[in-house]
Structure formats: C-alpha cells, structure tokens
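**Student:** When you get a sec, could you give me coordinates for this:
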Amino acid sequence: MPNMRGDAMRGLAVFISDIRNCKSREAELRRINKELTNIRQRFRADKTLDGYQKKKYVCKLLFIFLLGHDIDFGYMEAVNLLSSNKYTEKQIGYLFISVIMNSSSDMKQLIIQNIRNDIQSRNPIFINLALQCVANIGDREMATAFTNDIPRLLVSGDTIDPVKQSAALCLLKLHRTSPESLQLNTEWTARIIHLLNDQHLGVATAAVSLIDALVKRSPDEYKGCVNLAVSRLSRIVTSSYTDFQDYTYYFVPAPWLCVKLLRLLENYPPPEDPSIRSRLNECLDTILNKAQEPLKSKKVQHSNARNAVLFEAINLIIHMDCESSLLVRACNQLGQFLQNRETNLRYLALESMCLLAASEFSHEAVKKHQETVINALKSERDVSVRQRAVDLLYAMCDRSNAEDIVQEMLTYLETADYTIREEMVLKIAILSEKYAVDYKWYLDIMLKLIRIAGDFVSEEVWYRVIQVVVNRADVQSYAAKIAFEALQAPACHENMIKVAGYILGEYGNLIALDPRSTPMIQFELLHTKYHLCSPTTRSLILSTYMKFINLFPEIKLHIQEILRHDSNYRSSDVEIQQRATEYLRLSEICSPTVLATVLEIMPPYPEKQSPLLVRLKQKKPLMEADTSGELSTAPISQSDDGPKLTDTAMHLHQQQQQNGLLVSLDTTESNGHYETSASSSLPSSFSSSSTALQTNKKFLFKNSDIIFENDILQIGIKGEPKKSVLHVEFYYGNKTNFNLTNLSASISLADELDPELRIHMEPVQTTIDPRAQIKQMGTIECLKDYRDLPKMSLSFFYSNVPQKIDFLLPVYLNKFIEKAEMDSNNYFLRWRNLDKPDQECQKIFAAKFPMSHDACGQKLEGFGWSNLHNIDVNADNFCGAGIFHTSAQQVGCLYRLEPNKQAKMYRLTIRASKAGVASHLAELLEDQF
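**Tutor:** Reported below is the predicted structural model:
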C-alpha cells in the first residue's frame, strides 16, 4: 500500500483492498458484516466522532451500498456532514445523500434546510455542491422547495459565472423531472432570456439549453429570446464579429452553442421583423458558405463540429420553409454529401432531404438527385442508409417520376433486406395508387408486387387492391383477365390466390366468353390451388365457388360435388365446414332469382382514409408525420379519371388545429403517433368545436366524438350500435411530450343503473407514448330503459404526478334506437294506437339555435330516427320512427317536430309503446333545437 496522506482515508483503502481480495461470496459477506458491525458500534458508542471519522465511515457505507447491499443506518451522520465547513466532508455528505437517499426519507426537510443554507452562502464551492445534489435528486419536493432560490441565484448580478452555469443546469434538470412543480416567476423571464448575451461560454450554453426547455412549455412567455438568439448567433458565425472567436473547437467557433441557438430558433416561426429575419438569413447563408470552404484540418473533430452546425442550420431552414434560395442551397449541399465516404454523412443527408422533399420550394431541387439516390439504393452497404434512400425516393415521388421510382423500388425489392421489405411493399402500393394515370398500370404493379414479395404483403395491401377493383367499373374486366393469368403460374403465392379468387368470384363472367377462360377452366384452375392453401384462404375460395353458381349455373353440379366432399362437408375446421354446409344447402333450395339477390356483386366501398397510410404511419410514425401531406390518398369513385391528390401538409395541420384532435379516430390502428408539424387527415365528424350540427351534449347526434379534453389528455369515442349492444372504442391521446404511465380506465354503474346496463371493457394499455394514442374496445348492452349515465374514471401518472379524471359517459338512450321506415298509412295507424297518457310526451320550447330545416333533419337522423317525407301536410314539420332495442324487448317510437319560425318555438311530440320512454327521449331533445 502506498503511503496515504491528508484526507486519503487509509481505513477506507484497506477495506476496499480486503473486499477485492475475498475469494468467495461468503468471505465478502463476512468482511462486510464485520465492517457494518464496527461502524454501527462507533456511531452508537462514540458521540464525539470528528468530521474525518464520520466521513470515512460514511464512505465505507456508500461503498457497501454500491456493492449491492442494503444500508439502514448512517443517514443522520451523512446529514451532519453537510454542516461541516470542510469541502471534503461536505462533498462526501452530498454524495451519500445523492446516491442513497430516496424521496420518502423522513429527513428530507432537514436535508433541504442544509441545502438552502449552502445555496444562500457566499462560498461558490458549497453552492455548486448543493446545486449538484438538487439536480441529482431532482424530485418533486426539491423542485417545490427551490423554485425561488435557484432562479434568484441564476439572475443575480453577484453570482459568479460557474455558479450561474450550475444553477441553469440544475433548473433544467428540475424542469425535465418535475415540470409541474417548478413554477418560475414571470418577473425573471426577461432576465433569464438576457443570459443569452452572457460573455461566459458556459453560462450562455447552459442558458440556451434551459430556455429551449422552457420555450416548449411556454412559447409565448419566452418569445423575446428570438431576437437575442439571432443576434448572438450572428456575432459568432459572421466574420465581422469576434464573439467567442477566442474559443474555437478545431477552427469552428463555439460549435455547440451555435447548434443550441439554431435548435432554439426552431421552436418559433420565422421572425416577422424584416431586420431580424434578414440577419438570420445572413447567418444561415454564412454557414452554408463555410461548408463549401476547404477543410482547415484533416482531423475528424473539425469535420464533425462543422457538420453539426451545418445540419442544424439546414434543419432550421427546413423549419422556416419560406426562403426558396436557402432551401435550394441546402438541398445542393446535402446532395454533395450523398457521395461522401462517411456513412453517417450519407445517412444524415438522405434523412434531411426527405424533409426538404416536402417543401414546395425545394421539391424540384431534390428530384435532381434521383439517380444518385437510386444508385445508393443499389450499392450502399449499410442497410440503414438503404432504408433512408427508400424513404427519400418515396418523398420525392410525384406524377412526373412515379413510374420510374416505382419500377426501381420493385426491382430492388427482389433483393432487399427482409427488415425493410414490408415497409417497401406499403410504399410501392401507396405510390402506385396515388400517382396512377391508368388504373390498369396500377393493377399490373400490384400483382407484380404480390408475386415478388408475397410473404411481406400485409392484408391491408391486397384488401386495397380489391377496393380499387370493386370501385372502378372500367378496370374490372382487365382485373379478372390478369388475375386469371396470374393463377396460371406454377408457383402462386397465397395472397395472389386470395386476390384472384375474390376478383374471379365477382367479375369472372366478364372473361367467360374467351375460350381460354371459360367458366369450367376458371373453376378448375382455382381448384388446383385449393388444397395448397390455409383454412382462411379456403374459406374465401368456397365463397368464390358460391359466386360461380350464380354467375355460371352450368357448373353448379361440379361445385356442389366439391361442397359435399368430406374434406369440406366434414372438415375439422369449423369455418370451412359451416360454409360448405350452408352454401350447399343454399344452392339446393334457392331459386336462381333468390341466388342472384343473395350473391349480387359487391357495392362500392365507402372510404375515408387509405388503410395503407394507417399501416405505414404505425410502422414509421416520426418519418411519416413529416411528410403526411404528400401521402394521403383520395376516395375512389367510378366517375374519376384517375386518383386525386389531397391537400398539402399545411392544410392538414391547420385542419387538425381547428378540430382540436390528436389523430384520426377513424384509423384501424390503436397506437397512431402524430407530430405537430403535420398530421393525419381528420374527418370533420370528429370536430370538438361547434359545427353546423350545433349541440350541447357530447355524442348525442354522432357515432364518434371527443368526450373529454384537457392540456394533458384527449379522450375520443366511437360507437357502432347493433340492436341492444353498442360496440365502443375509446381513444386516449397523449397531448404532451412525456409518457403517461400506470393508466387505468374503468366505467362504474350506480345502483339504479346496474340492472339496466351491462358493460364489458377490454384491458387498456398502461402507458401512452408522447404525442400518441391508444385504443380500448368494449361493449355496452342495454337491458332496459334508463335515465342516469355511467361514470368513467381514469387515473395515470404524468411526470410522476398522479392524475385522476372522473366524468359521466355520454351514452344516452338513443344509442340503442334503430331507424324504421314506413308509409303515411302505417305511420298514422301506429300513432293512433299509441294513445295512452303514459305513452305520449309533448314539449313546447323556445329555439336555442338558428332554425335551419336541414340542421333539424340532420339532428333527428343523427339521433337514430328516420326522417319520413310526405307524411305531414305541413312540409316544414318533421315526422319519423325508430325502434328502441333492449335485450328483453323492442319499443316502437314515433315523433313529430313542429317548428314555428315566426314565434321561434318548437313543439315536439313523442309516442312510445312502453311507458316512460317517450318522456325520457323528449328530455334529451328539448334543449337541442
């Protein structure tokens, strides 16, 4: 052992050496227990231990704790070290507290008081020790206790620079761990912003990091930082100034401060002041110019620092998206990096160009590098770079180059890495549909895609092919022809069989006159694939055979023979057996007319959003959020000449802001991510603000609505009624940049509701990622008519702070009403039969909204009733009917709404076959017109 001098603590060194020399776990435990016994006796017996002894024993306890053993004493001795005037003793005390003390310690108030004493002292070393301890613990209590002391220390003119730097970093840590507990006084805002002008590099850098975090929480409060940030950036990068020119990192002045300043400016739109904007553009232009200069050093640190500033400047240029010259120059600079020897530079260049491709100013400039990107896709060794090349091709694609890009991606798909094939399939499918001038070309591409990458073709892809064919009458014959030809291949993927089976079942008659594809040939060809398929595909093919019976009666006997075969009629698979049995019986007992009605051609599919986009956003939420404006597909109608382009990303973003929604609740995925820069297109039916259908009750007239929203969480609901059962989907959206954890959701029924409703909810995911949403499904069954509403309760943790939300779930009685159609004779006959006093309720009330005939009709239909025409002699009156379903009975309901525009009054009369139902329905409606 070398000689130990001063505060070297020889006893500690000997103890550590003994532990290291132990030959077994048991020997180590014996040595540790012996030392713990000795320390415990010293603490109990000797009350006059000096600071050195306490420090030594506390260090031993700390070492034992770091070895993984529990420590249940020595806390008070460590706290006592905080009162010492010696640096080494105070340092060990703070180290022990930072590592071992937890938030539930009973001595927390004593610790806080000692920390406050050091912060208020004039010793900068003690102040820094205290600040480091606060940052290391960083819990809610610390943030609350020092919410005034640390900011005061930061902005004080007497504080030296190293302490200011530590104070800024301490506040940053507290803001990240307990943002709700750290409430900064607004009078300090201007003084904190002014730290951007501090002459000390450490203070300025720490202040930028702190302000950047505060801006994300309160952008309006700190918007004054933009001018100072631009000014400081200009003084660093512009050659006419010498600010921090004495601090250069491999010939780059203050690179990390520049990066942080550029990142801070990305939180705000371009400056409105022309002089500030001009100065910022000059800075960005200077950074781009310096990137063109020869390297001043061959060392990697020089290129790393210069490129860090350059890429952050390009990110700011993309964020501003208003200076076409800067965008084009940034694109050209990135184009030079595409052939750089450094893999990381090529990756970052491709990633940034994906963002540039979304800008109208730089899209054409990005397209000029198409060949370079294609070559990178073919020759790049790193799979992550190849994946970014695929992303860039997808982003730069438009009508002018769609065929070339789709063909190149198809060619590469045959040899692509398995990890990116599914994503490539989705992107090829989206591009080929979106930019198809001729849908025959689209079908050729999709069938080739299924042939090349059958295992990686998700259900959404071949579903989409079917939707396009069903919705386009002009390509149905061609689709049947190429599907038939695809089946003739010796090796045919199961997804291809599904597509061909569906198309031939619907449109096989369109090619039946061709001697090469007669009905019998179609049937035999499809049946050769039958025994090679999974039970799911066999079930689909059986449905195709049934369609053949309707289309081609001449092969009915052959198909019935197949259905009778034991492999189908007595199949071990329940679905196949049921279909074979039901289809066989249907073909035997039904007349051709009935069969034609039952097996008629599928009607066009309604569409709100391409399911392929939903799938792609689920796989790559962050990348797709940046370019969502270029990815949406339009609904397909039979009158279209080609696919229509949707609005730009800016329009989608504005629509999202107006609707106040997180993401579209119409998507089929439960964990859709979103970004504030651009987002999924949103159906107007989910708007939480007032629309033409004005109402003060959530979810009353719509089957989907936002039922709760605050600054943290947004809750949406979708309902699909089926008789007495309402299938519901709840969407929980996280509006913050922090995880919501330990989420639990429950629906409770009051005593009166328990015999009236039956609710079953699936378990909900316990964590919601930042800027994301999850879905919970369930059913609500109506057992009898009810008045009270269920109570929904949610609990979760936001930034380690427990949150609880309770509200009434707006599942009103009308959710179980089914529309009923009838003529005037039946209507009045039923009206006269419902003449008992408890079967009728009449309300006369003043209009609360503008008296619009169309709006009234929409509300009545949205309520669940039919709106019957030509029933009342007064065309302004509304009449209709509905059936209220419970699990035990059906209740017939009739209504009549009579508006009086001169008096601005309504008279609503409702009759129902069960007592009490009419009055409840009238109460729901009387304040809605």
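**Student:** Confirm for me that Thr537 is in contact with Lys498.
**Tutor:** Yes - the criterion here is C-beta atoms under 8 Å, and Thr537 meets it with Lys498 at 5.7 Å. All C-beta spots, glycine's among them, are computed from the backbone N, C-alpha and C.
**Student:** More neighbours: which of the two?
**Tutor:** Counted by other C-beta atoms under 10 Å, Thr537 and Lys498 do not tie: Lys498 has more neighbours, with 24 against 17.
**Student:** and the more buried one, what element?
**Tutor:** Under the criterion of DSSP states H and E, Lys498 resides in helix 494-507.
**Student:** starting at the chain centroid, how far to that helix?
**Tutor:** Between the centre of helix 494-507 and the centre of its chain there are 34 Å (C-alpha atoms, centre = their mean, to the nearest Å).
**Student:** packing partners for that helix?
**Tutor:** Contact here means 3 or more C-beta pairs under 8 Å, 6 or more residues apart in numbering; DSSP states H and E; on that basis helix 494-507 packs against helix 439-452, helix 459-471, helix 476-487, helix 519-528, helix 535-551.
**Student:** where does the stretch 101-250 of the chain dip in pLDDT?
**Tutor:** Across the stretch 101-250 of the chain, the ranges flagged by pLDDT under 70 are 102-106, 239-246.
**Student:** Output stretch 794-808 as CSV, nothing but the C-alphas.
**Tutor:** Extracted in CSV, the C-alpha atoms of stretch 794-808 (Å, rounded to 0.1, in the frame of the first residue of the first chain):
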residue,chain,number,x,y,z
LEU,A,794,-59.3,7.4,-15.4
SER,A,795,-56.1,7.5,-13.3
PHE,A,796,-52.5,7.9,-14.6
PHE,A,797,-49.1,9.4,-13.8
TYR,A,798,-47.9,12.5,-15.7
SER,A,799,-44.3,13.4,-14.9
ASN,A,800,-44.5,11.2,-11.8
VAL,A,801,-47.6,13.2,-10.6
PRO,A,802,-50.8,11.2,-10.1
GLN,A,803,-53.8,12.4,-12.1
LYS,A,804,-57.4,11.4,-11.8
ILE,A,805,-60.3,12.2,-14.1
ASP,A,806,-64.0,11.5,-13.5
PHE,A,807,-66.8,12.3,-15.8
LEU,A,808,-70.2,11.0,-16.9
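**Student:** Report the buried residues of that stretch.
**Tutor:** By 16 or more other C-beta atoms under 10 Å, the buried positions in stretch 794-808 come out as Leu794, Phe796, Phe797, Tyr798, Ser799, Gln803.
**Student:** Show me those residues that map onto strands.
**Tutor:** Leu794, Phe796, Phe797, Tyr798, Gln803 (DSSP state E).
**Student:** Where does the closest residue to Phe311 other than its chain neighbours sit, in terms of helix or strand?
**Tutor:** Of all residues not flanking Phe311 in the chain, Leu348 sits nearest, at 5.8 Å (C-beta to C-beta, 6 or more residues apart in numbering). Assigned by DSSP H and E, Leu348 belongs to helix 343-356.
**Student:** and that helix, what does it pack onto?
**Tutor:** Checking 3+ C-beta pairs under 8 Å, 6+ apart, helix 343-356 ends up next to helix 300-320, helix 324-337, helix 363-367, helix 370-379, helix 383-396, helix 621-626.
**Student:** so of those helices, which one's packed in deepest?
**Tutor:** Mean neighbours per residue, mean count of other C-beta atoms under 10 Å, is largest over the helices and strands packed on helix 343-356 for helix 383-396, with a mean of 23.
**Student:** Which residue ranges make up the domains of this structure?
**Tutor:** 474-616, 698-811, 815-927 (the TED database).
**Student:** Generate CSV for these, with mean pLDDT and distance to Ala135 as supplementary columns.
**Tutor:** CSV is the format used below for those (pLDDT from 0 to 100; distance: least, C-beta to C-beta, whole Å):
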stretch, mean pLDDT, distance to Ala135
domain 474-616, 88, 41
domain 698-811, 87, 16
domain 815-927, 87, 52
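**Student:** could the ones you listed go into a markdown table alongside distance to Leu153?
**Tutor:** Listed next are the domains of the chain as a markdown table, based on distance: least, C-beta to C-beta, whole Å:
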| stretch | distance to Leu153 |
| --- | --- |
| domain 474-616 | 50 |
| domain 698-811 | 24 |
| domain 815-927 | 57 |
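**Student:** Out of those, which gets nearest to Ala229?
**Tutor:** Evaluated over these, closeness to Ala229 peaks at domain 698-811, with 20.9 Å, by C-beta to C-beta.
**Student:** does Glu818 count as helix, strand or coil?
**Tutor:** Using DSSP: H, G, I helix; E, B strand; the rest coil, the structure places Glu818 in strand.
**Student:** any idea how far Asn900 is from it?
**Tutor:** 30 Å (C-beta to C-beta, to the nearest Å).
**Student:** same check, this time on Asp220
**Tutor:** Asp220 is 48 Å from Asn900, where distance means C-beta to C-beta.
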